[in-house]
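Peer 1: can't give you the sequence, but here's the structure:
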């Protein structure tokens, strides 16, 4: 998805690494939306025009890609709304507008909107018109920034009214908050949601969380979207685990959930330097400065990302999220699980090494009841990541994963090759 593509405010603009004072040439953060050049229905002049946006949309479509936009309902102090509709903002007793805060963080460059004020109806209608504007430009997928900080009633009305005319719209809730709040957002209309996957690191934490998402009533209303990183979140295990951990978390996200995402270039290049010790923020974050990424860097894991996406595209078993079955493996640093599709007999076994520093091995159980293996005495499995084949026998078989070489297997078991293409 694209971060906000709108004009960026000048007043209280943040500098590099979230510095309170910007220096000359600092672009500010794209989430401080609005300036004299326009607001949520306008495009930052440095990015181009609306015609350029449509050209990008069409070019992406020719490649089978849909553009998703970030919807952030907040304003910089320079947004036209601040001048034209001062009643849409909360004010302090001294009359000044209250800027956004999430203690201990302060966002002097952002004004939150007053969703429950006396003039909320025209505000809500205006915000609906923002989404409708981009729908009219051909956008069908929206990543919604911090929806849990806005009223439930607003989202239920907004999503419901838009889907009456556009039932194909997808709304992704970027909500890292209490489980009941995330569940409520899903029930009132959000199509998908961010999850706690990012914070589930050990084998048993992952098993417990996957069981919750696939074996409880949560499956009836909650569609998870797994992210190993985001522009705001660089976990300590990525900081310390290096490329091997990036590869392992990629495979986990892409094979445990039918929906996943990554914060692209930073993840591809295994960028893992924090802003300061014990911080989840990136050093020299792209949120506050222009970056020129060298995507040809030999450290890039983009070939693995491409291969994993090819597997996901052609494997029916990975195109839903309920069909995850944890399999036993006698090593706490190895996690194994199967995925299957009964209609095509597509059956996968995934094994991931959670230790980025050491080779781990063990005996893994294979669920042959959901495969097309004619006899368990002797059969062949193929690792879709490397195209290597192995001859196995019985229900328990040995695996060994060196994280410096390959931290995961995605085995195909007893399925015709035609299920897997490279399209």
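Peer 2: Yep, it's here. For clarity, every value in this text was computed on a predicted model and none was experimentally measured.

Peer 1: for residue 90, give me the pLDDT.
Peer 2: As predicted, residue 90 sits at a pLDDT of 90.

Peer 1: likewise residue 119?
Peer 2: 89.

Peer 1: skip the chain neighbours and tell me the closest residue to it.
Peer 2: What sits nearest to residue 119 in space, not counting adjacent residues and going by CB to CB, 6 or more residues apart in numbering, is residue 87, at 4.7 Å. From N, CA and C alone the C-beta is placed, and that goes for glycine too.

Peer 1: quick one: neighbours of that neighbour, just the number.
Peer 2: With neighbours defined by other CB atoms under 10 Å, the count for residue 87 comes to 13.

Peer 1: distance check, it against residue 295.
Peer 2: According to CB to CB, to the nearest Å, residue 87 and residue 295 sit 47 Å apart.

Peer 1: cool, residue 258 as well?
Peer 2: Distance from residue 258 to residue 295, counting by CB to CB: 27 Å.

Peer 1: of those two, which one has the most company?
Peer 2: Neighbour count, other CB under 10 Å: between residue 258 and residue 295, residue 258 has more, with 21 against 10.

Peer 1: wait, a strand at residue 208?
Peer 2: No. Residue 208 is assigned helix when assessed by DSSP: H, G, I helix; E, B strand; the rest coil, not a strand.

Peer 1: show me what contacts the residue nearest to residue 119?
Peer 2: 114, 117-119 (CB atoms under 8 Å, 6 or more residues apart in numbering).

Peer 1: between these, which is closest to residue 139?
Peer 2: residue 114 (26.5 Å; CB to CB).

Peer 1: phi, psi of the nearest residue to the closest one once chain neighbours are set aside?
Peer 2: Leaving aside its chain neighbours, residue 114 sits nearest to residue 90 (4.8 Å; criterion: CB to CB, 6+ apart). Here is the backbone geometry of residue 90 (degrees, to the nearest 10): phi -80, psi 140.

Peer 1: hmm, residue 90 is touching residue 112, no?
Peer 2: Yes. Assessed by CB atoms under 8 Å, residue 90 is found in contact with residue 112 at 7.0 Å.

Peer 1: these two: who's more crowded?
Peer 2: Ranked by neighbour count (other CB under 10 Å), residue 90 and residue 112 place residue 112 first, with 19 against 14.

Peer 1: from residue 112, how far off is the residue nearest to residue 119?
Peer 2: Note on residue 87: its distance to residue 112, by CB to CB, is 14 Å.

Peer 1: most distant residue from the middle of the protein?
Peer 2: The centre of the chain is farthest from one residue, residue 377, which by CA atoms, centre = their mean lies 41.5 Å away.
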